[in-house]
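Trainee: What would the 3D arrangement of this be:
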Amino acid sequence: MESQVRTFVMKRGKDPDSIRKAVRANIPHSIVQTVRADAATNSFFVEMIAAQTLRAWGTPDLLAQKPEVDLLLRLAGTTQISKAIDQIGVKKGEPFLLVVAGPARELTKLSREQVGGPGLRARKLSLAELERIETAALLNVAKA
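Mentor: Numbers count the residues shown, from 1 in each chain. Below you'll find the model as predicted:
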């Protein structure tokens, strides 16, 4: 199964819980997570982190019981859920990113109009982003 990751930029005032639930209901075999808008500025970076979660899903390498929490932890670069929420958790009424990872054939259903926000742009990874990707990959070692 080919997987895909889509990241949308959601404006202030949108309800992250209702959007997450609606997307999850529309694409049930996917990982749907919301994070603060400043958690990432590059969709390629988010794809690399989400790929780690997708590979770990269904294995002992998952950092939490739910893949959505694993993705949150990896994006925050920590194994502590409370710390991840403090660092990149969505504050109601603030802008946020909607991250959806799952089967490519299902994610083609998602459009800017359906979720209410534009896609996050992809660019070459910066050194800081590469370091965050490496940190996320090493979280399994810290968990052990």
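Trainee: any weak-confidence spans in this protein?
Mentor: 1, 143-144 (pLDDT under 70).
Trainee: three-state assignment of the residue most central in space within it?
Mentor: The C-alpha lying nearest the average C-alpha coordinate of the chain belongs to residue 99 (CA atoms, centre = their mean; 4.1 Å). Per DSSP: H, G, I helix; E, B strand; the rest coil, the local secondary structure of residue 99 is strand.
Trainee: Contacts only, for it.
Mentor: Counting by CB atoms under 8 Å, 6 or more residues apart in numbering, residue 99 touches 5, 6, 7, 31, 32, 33, 34, 35, 46, 50, 71, 75. Every C-beta, even on glycine, is put in place using the N, C-alpha and C of the backbone.
Trainee: just residue 89 next, same as before
Mentor: So residue 89 contacts 35, 36, 72 (CB under 8 Å, 6+ apart).
Trainee: For stretch 58-73, which outside residues touch it?
Mentor: 31-33, 35, 49-50, 53-57, 74, 79-81, 84-85, 88-89, 99, 101, 139-140, 143.
Trainee: Which of those residues fall within helices?
Mentor: 49-50, 53-56, 74, 81, 84-85, 88, 139-140, 143 (DSSP state H).
Trainee: Any quick ChimeraX command for the buried ones out of these?
Mentor: In ChimeraX syntax, the buried subset of the ones in helices among the contacts of stretch 58-73 is picked out as below (16 or more other CB atoms under 10 Å):
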select :49,50,53,54,56,74,84,85,88,139,140
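Trainee: out of the ones in helices among the contacts of stretch 58-73, who's nearest residue 133?
Mentor: Nearest to residue 133 among these is residue 49, at 6.3 Å by CB to CB.
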